[in-house]
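> Prediction below, plus the sequence it came from.
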Amino acid sequence: MTKACSLNAFLLLIVMATGNYTDEESALAKPWYVRDIEIGEVKLPISPVTALALAYGIFCMCQIFTDKVFAEASHILLTKENSEEILKQMQSKINNDPAKFASLASKHSECPSKQHGGSLGKFKQGVMAPPFDHAVFNKSNPVGTTIGPIQTHFGWHLIFIHKRRLE
């Protein structure tokens, strides 16, 4: 059998395993984990695998939004040789202004978050690189200020803390 034939056979098996069946005998031929859920006479158009994936997704979202310790921050990441000096100059220009910070992040950051003004969104303690995490969750660094430069294994960061809860 050629590679093209075996690929076509494989694709046909996938279609058969996940396809819509009109008769009961064909539907029962599907593995249990891709069949629709049946509870008595009620047939739900969802497989157990899909139900588990949805439940896990909802659980994760609840964990993110109900955590007592979290922060919301933006950053500017530079990886050049003189990054620390460049970030110190930027910090003096920003003067704790979130709009200036977002503008400079959009222009100069080497992180994909630059498309959103450097915003990293909401995150839990322990998720970021340790020096970054320590700087953001340190009580001595007030919310609404620019801190840094901070060095991590990614490079040098200038960080603006938007929100923080340490309860």
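Perfect, thanks for sending it. The structure presented is a predicted model; accordingly, all values stated were derived computationally and were not measured.
> The biggest strand by length in the chain - contacts with which helices or strands?
Secondary structure of the chain per DSSP state E: the longest strand is strand 155-166. Judged by 3 or more C-beta pairs under 8 Å, 6 or more residues apart in numbering; DSSP states H and E, strand 155-166 is in contact with strand 69-78, helix 83-94, helix 98-108, helix 130-137, strand 146-152. Quick note: C-beta positions are derived from backbone N, CA and C, even for glycine.
> pLDDT-wise, which helix or strand of the chain ranks last?
The helix or strand of the chain with the poorest confidence is helix 3-18; it has a mean of 48 (mean pLDDT, DSSP states H and E).
> For Lys122, find the nearest of the helices and strands packed on strand 155-166.
Lys122 sits nearest to strand 69-78 of all those, at 4.9 Å, using C-beta to C-beta.
> List the buried residues of the closest one.
Phe70, Ala71, Glu72, Ala73, Ser74, His75, Ile76, Leu77, Leu78 (16 or more other C-beta atoms under 10 Å).
> Pull up the pairing partners for that strand, direction included.
Strand 69-78 pairs in its sheet with strand 119-124 (antiparallel), strand 155-166 (antiparallel), by DSSP bridges.
> Keeping just the C-alphas, turn that strand into PDB.
Extracted as PDB, the C-alpha positions of strand 69-78 are listed here (Å, rounded to 0.1, in the frame of the first residue of the first chain):
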ATOM      1  CA  VAL A  69      -3.500  36.700  44.800                       C
ATOM      2  CA  PHE A  70      -3.100  38.100  41.300                       C
ATOM      3  CA  ALA A  71      -1.700  41.000  39.400                       C
ATOM      4  CA  GLU A  72      -2.200  42.800  36.100                       C
ATOM      5  CA  ALA A  73       0.800  44.300  34.500                       C
ATOM      6  CA  SER A  74       2.500  45.500  31.300                       C
ATOM      7  CA  HIS A  75       6.100  45.200  30.400                       C
ATOM      8  CA  ILE A  76       8.700  46.200  27.800                       C
ATOM      9  CA  LEU A  77      11.200  43.500  27.000                       C
ATOM     10  CA  LEU A  78      14.600  44.100  25.500                       C
END
